[in-house]
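[1] Mind folding the following:
(2 chains)
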Amino acid sequence: NAGVTQTPKFQVLKTGQSMTLQCAQDMNHEYMSWYRQDPGMGLRLIHYSVGAGITDQGEVPNGYNVSRSTTEDFPLRLLSAAPSQTSVYFCASSYWGQDNEQFFGPGTRLTVL
Amino acid sequence: AQKVTQAQTEISVVEKEDVTLDCVYETRDTTYYLFWYKQPPSGELVFLIRRNSFDEQNEISGRYSWNFQKSTSSFNFTITASQVVDSAVYFCALTMNRDDKIIFGKGTRLHILP
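    The predicted model follows:
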């Protein structure tokens, strides 16, 4: 199993550009989520999904969209990048729900100029 | 409101010393789950432990131990005989049975000095 994979590992954007961070898992996990990690702020939940076709907002959803058309994939879209979105982004997945062990991807380091 | 507080932003200890990382949580729910994750310098996040609110038994895994006390809303993590490889950021997290979200603390950066 590859576990949770994220692409790209690094990305530099200009303000106003759009892009999609990819996340995939091969463990047949129902629950998937996106976090951003900023210095001194810990991990903050952006969006999550409890299964294919179902998504919901987390703590900091503004400026991000998600979709879950398959169990395996959970892409995160930045519609119009802003410098405040400079961060490290982690995707995670787990069996059944958020009350189980989360398996994290390696992260994507995004810089918005 | 639900909250996780890790008051220790950064800790430095000399190798072989014992160190305790504090985690205090807030929730009004009776069913909840607590976690600890480790983030070494390489950046990945690694699961350490999960504890539900009905199980107050302390847990020991090698040099790691966890003390869950509902009376003080704390879920503290102790490393015995610390090693340089224990240097990392450690996160405590909380989720409630009725909610789908996980709340992380801001983390404690632990430096183990040789």
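[2] Might you enumerate the residues of chain B proximal to chain A?
    Taking Cβ under 8 Å from any Cβ of the partner chain as the measure of proximity, chain B contacts chain A at B:6, B:9, B:33, B:35, B:37, B:43-47, B:50, B:52, B:91, B:93, B:95, B:97, B:99-107. The way it works is simple: take the backbone N, C-alpha and C, and place the C-beta from them, glycine included.
[3] please redo it, this time with the cut-off set to 7 Å
    Within chain B, the positions adjacent to chain A are B:33, B:43-45, B:47, B:50, B:91, B:95, B:97, B:100-102, B:104-107 by Cβ under 7 Å from any Cβ of the partner chain.
[4] Show me how to select, in PyMOL, the buried members of the residues you listed.
    In PyMOL, this line selects whichever of these come out buried by 16 or more other Cβ atoms under 10 Å in any protein chain shown:
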select buried, chain B and resi 33+45+47+50+91+95+100+101+102+104+105+106+107
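[5] Looking at the residues of chain B next to chain A, which are in helices?
    Among the residues of chain B next to chain A, no member falls in helices (DSSP state H).
[6] Farthest-apart pair in the residues of chain B next to chain A, please.
    The most widely separated members of the residues of chain B next to chain A are B:43 and B:97, with 30.7 Å between them, by Cβ to Cβ.
[7] same question for the regular element (helix or strand) spanning residue B:78, mean pLDDT?
    Following DSSP states H and E, the helix or strand that holds residue B:78 is strand B:74-79. Averaging pLDDT along strand B:74-79 gives 98.
[8] so how far is the helix or strand of chain B with the lowest mean pLDDT from its chain's centroid?
    When the helices and strands of chain B are compared on mean pLDDT, DSSP states H and E, strand B:59-61 comes out lowest with a mean of 91. Centroid separation for strand B:59-61 versus its chain: 13 Å, with Cα atoms, centre = their mean, to the nearest Å.
[9] Also stretch A:6-13?
    The answer for stretch A:6-13 is 12 Å, by Cα atoms, centre = their mean.
[10] angle of the helix or strand just after the least confident helix or strand of chain B against strand B:74-79?
    Scanning forward in sequence from strand B:59-61 by DSSP H and E, the next helix or strand is strand B:64-69. Strand B:64-69 runs at 160 degrees relative to strand B:74-79, counting by axes from the mean of the first three to the mean of the last three Cα atoms, to 10 degrees.
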